[in-house]
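Participant: below is the sequence, then the predicted model.
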Amino acid sequence: MTMNHIGPDAILQKKREYLIPCVYHFYKKPMQIVRGEMQYLYDHTGRQYLDFYGGVSVMNAGHCNPEVVEKICDQVRTLQHTTAIYLTQPMVDLAEKLSEITPGSLKRSFFCASGSEASEGAALLAQLHTKKYKFVAVQQGLHGRTKLTMNLTGLPMWRTDPNPSGDIVHIPGAYCYRCAYELTYPLCDLQCARYLEDVVKNGGFAAFIAEPIQGNGGIITPPSGYFQLVREILDAYNVLFIADEVQTGFGRTGEMFAIEHWGVVPDIMTMAKALANGTPIGSFITNDTIASSYARPGASTMGGNPVSATAALTTIDVIERYQLTQKAKDLGDYFKDKLIELQQRHKLIGDVRGKGLMLGVELVKEDKIPATEETDNILEGLKDRGILAGKTGVSRNVLTFQPPLVITREDIDRVIETLDDILYVSL
Ligand SMILES: Cc1ncc(COP(=O)(O)O)c(C=O)c1O
């Protein structure tokens with residue numbers, strides 16, 4: 001341990017003493033992370049970890065990507081913050097860039113500092129535009145930690161609010177492995193999407209909000225046709241579609257934005273996390289018509305600040321120049337095939353799902369009983385062997401992989417071999 005690093009025990013002690021206890025952490029024996037370098041993190045002892053969780057789908061261009069870091073440092077040294085009441089260039093350049101890379105007529109952005117704020121702002125915009133106030137959201141979805149976004153969130157684990165507010169209906173998601181209707185795709189005729197019509201036909205709904213692939217909910221990946229049908233239903237009842245791309249955006253799934261897999265254009269799209277590769281940022285984007293409904297002054301002190309905006313512009317540039325979206329697709333296909341091979345050898349693996357480098361492995365015991373404890377043990381085992389992964393799902397039994405998009409096939413092979421070994425040896 002170097003002089004500067006107090007080590008995990010002292011950190012845990014300070015955490016217990018000074019943080020609100022809701023701030024939880026992974027691992028029975030956690031380490032102190034002190035440094036990052038592309039797909040690697042290093043702890044206080046100098047030990048290297050291959051990071052296959054990317055700070056929860058944030059570090060798409062890699063930890064401390066030198067090109068991003070250089071531009072951030074230049075910007076910090078030149079101009080750090082003004083607030084949008086003064087004119088600065090990075091914010092408008094970023095808005096222009098986002099209008100180019102987002103689908104369809106999405107064009108006008110509002111910048112804030114987190115994914116929760118992005119969801120909250122998108123919901124407000126939908127209400128302002130439609131003059132309707134109810135929302136439909138998806139069970140197991142996650143949209144944020146503020147009052148409204150926590151209530152839009154379907155995942156019980158994150159619905160801490162003891163006094164839920166907002167007129168919100170949660171519908172079953174396209175969770176084919178545990179279908180709420182006990183049907184099988186495609187014979188199901190997308191019953192989960194059709195149920196949306198039963199809800200919105202009652203009137204009064206401003207928007208339907210959904211993650212194209214649910215991240216925290218367990219990498220729940222709707223089948224082909226799902227969002228196309230959702231879009232048809234919403235159009236028929238004049239309800240807006242908010243796509244929450246906070247986890248799925250910026251090349252992660254093998255498309256720049258995950259909703260593009262379904263060829264559907266949302267009315268409003270939210271983004272955060274990977275947008276600025278680890279620098280706090282959030283944003284929502286919409287078309288000209290919807291944007292025109294939000295003309296009263298709106299401001300976020302940190303929104304569009306020169307450092308975050310520069311970090312975002314450079315991150316997008318890196319994603320494009322190094323073709324990280326295509327890389328996510330190719331490496332993701334390779335990784336998923338290998339995980340499916342593992343599934344054939346290990347009964348504990350019930351389902352493998354996801355797209356690109358956003359993959360989930362649902363671990364189950366007999367009769368699909370969630371293998372929650374086993375998931376924790378595997379995570380700990382991977383960490384002890386120098387690999388970081390995530391866990392998601394209602395029962396926290398979905399091993400989750402969302403690595404930086406700069407990984408290699410050899411990295412994937414190492415994860416597969418290690419996981420194979422852990423599944424054989426330690427369970
Ligand atoms: C899909 C999705 N939306 C919104 C949020 C909230 O983002 P933040 O934690 O930046 O407020 C999250 C956080 O994990 C998320 O996964």
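Facilitator: Arrived safely, thanks for sending.
Participant: let me see the ranges of the helices in the chain.
Facilitator: 8-18, 54-57, 66-78, 89-101, 115-130, 147-152, 191-200, 226-236, 288-291, 306-321, 324-345, 372-384, 409-425 (DSSP state H).
Participant: pick out the residue of this structure closest to the ligand.
Facilitator: residue 115 (2.3 Å; CB to the nearest ligand atom). Backbone N, C-alpha and C define where each C-beta goes, glycine included.
Participant: got the contact list for that residue?
Facilitator: 143-144, 244, 246, 270-273, 282 (CB atoms under 8 Å, 6 or more residues apart in numbering).
Participant: mind doing that once more with 7 Å?
Facilitator: 144, 246, 270, 272-273, 282 (CB atoms under 7 Å, 6 or more residues apart in numbering).
Participant: quick revisit: adding mean pLDDT, write the helices of the chain out as TSV.
Facilitator: As requested, the helices of the chain are exported to TSV (pLDDT from 0 to 100):
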stretch	mean pLDDT
helix 8-18	97
helix 54-57	98
helix 66-78	98
helix 89-101	98
helix 115-130	98
helix 147-152	97
helix 191-200	98
helix 226-236	98
helix 288-291	98
helix 306-321	98
helix 324-345	98
helix 372-384	97
helix 409-425	96
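Participant: residue 27: which of those is closest?
Facilitator: When these are compared by CB to CB, helix 372-384 sits nearest residue 27, at 5.9 Å.
Participant: mind checking how far the closest one is from the chain centre?
Facilitator: Remark: helix 372-384 is offset 22 Å from the chain centroid, using CA atoms, centre = their mean, to the nearest Å.
Participant: and for stretch 310-328?
Facilitator: With CA atoms, centre = their mean, you get 17 Å for stretch 310-328.
Participant: what of stretch 187-202?
Facilitator: How far stretch 187-202 lies from its chain's middle: 25 Å, per CA atoms, centre = their mean.
Participant: CA atoms of that stretch as PDB?
Facilitator: C-alpha atoms of stretch 187-202 as PDB (Å, rounded to 0.1, in the frame of the first residue of the first chain):
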ATOM      1  CA  LEU A 187     -46.500 -17.500 -30.400                       C
ATOM      2  CA  CYS A 188     -47.200 -15.000 -27.600                       C
ATOM      3  CA  ASP A 189     -48.000 -12.400 -30.300                       C
ATOM      4  CA  LEU A 190     -46.100  -9.900 -28.100                       C
ATOM      5  CA  GLN A 191     -48.800 -10.000 -25.400                       C
ATOM      6  CA  CYS A 192     -46.700  -7.800 -23.100                       C
ATOM      7  CA  ALA A 193     -46.600  -5.000 -25.800                       C
ATOM      8  CA  ARG A 194     -50.300  -5.500 -26.500                       C
ATOM      9  CA  TYR A 195     -51.200  -4.900 -22.800                       C
ATOM     10  CA  LEU A 196     -49.900  -1.400 -23.200                       C
ATOM     11  CA  GLU A 197     -53.000  -0.700 -25.300                       C
ATOM     12  CA  ASP A 198     -55.300  -1.900 -22.500                       C
ATOM     13  CA  VAL A 199     -53.600   0.800 -20.300                       C
ATOM     14  CA  VAL A 200     -53.300   3.800 -22.600                       C
ATOM     15  CA  LYS A 201     -56.800   3.500 -24.100                       C
ATOM     16  CA  ASN A 202     -58.000   4.800 -20.700                       C
END
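Participant: run through who's touching that stretch.
Facilitator: So stretch 187-202 is contacted by 136, 169, 171-174, 179-181, 183, 208, 225-226, 229-230, 233, 237, 239 (CB under 7 Å, 6+ apart).
Participant: which ones among those map onto strands?
Facilitator: With strands taken from DSSP state E, the overlap with those comprises 136, 169, 171, 208.
Participant: now the third one, nearest residue through space, not along the chain?
Facilitator: Right, the one you point to is residue 171. Closest residue to residue 171 apart from its sequence neighbours, by CB to CB, 6 or more residues apart in numbering: residue 195 at 5.4 Å.
Participant: for the one you found, give its distance to residue 230.
Facilitator: Residue 195 is 11 Å from residue 230, where distance means CB to CB, to the nearest Å.
Participant: more neighbours: those two, which one.
Facilitator: residue 230 (26 against 16; other CB atoms under 10 Å).
Participant: list the contacts for the residue nearest to the spatial centre of the chain?
Facilitator: For the chain, residue 247 is the residue whose C-alpha lies nearest the centre (CA atoms, centre = their mean; 1.5 Å). Counting by CB under 7 Å, 6+ apart, residue 247 makes contact with 57, 211, 215, 273.
Participant: widest-spaced pair of the contacts of residue 115?
Facilitator: So, those by CB to CB: farthest apart are 144 and 273, at 12.0 Å.
Participant: would you mind telling me which of those two has more residues around it?
Facilitator: Just comparing residue 144 and residue 273: by other CB under 10 Å the higher neighbour count belongs to residue 273, 29 against 25.
Participant: isn't that one up against residue 248?
Facilitator: No. In this structure, residue 273 is not within contact of residue 248 by CB atoms under 7 Å, at 9.2 Å.
Participant: before we move on, the earlier item: ok, and which of the contacts of residue 247 reach the ligand?
Facilitator: Contacts with the ligand within the contacts of residue 247, counted by CB under 6 Å from any ligand atom: 211, 215.
Participant: between the contacts of residue 247, which is nearest residue 368?
Facilitator: Using CB to CB, residue 215 comes nearest to residue 368 of the contacts of residue 247, at 21.2 Å.
Participant: tally of neighbours for the closest one?
Facilitator: Neighbours around residue 215, by other CB under 10 Å: 27.
Participant: tell me the phi and psi of the nearest residue to it once chain neighbours are set aside?
Facilitator: Distances taken as CB to CB, 6+ apart put residue 247 closest to residue 215, at 3.5 Å, once the chain neighbours are dropped. Dihedral pair for residue 247: phi -90, psi -30, per degrees, to the nearest 10.
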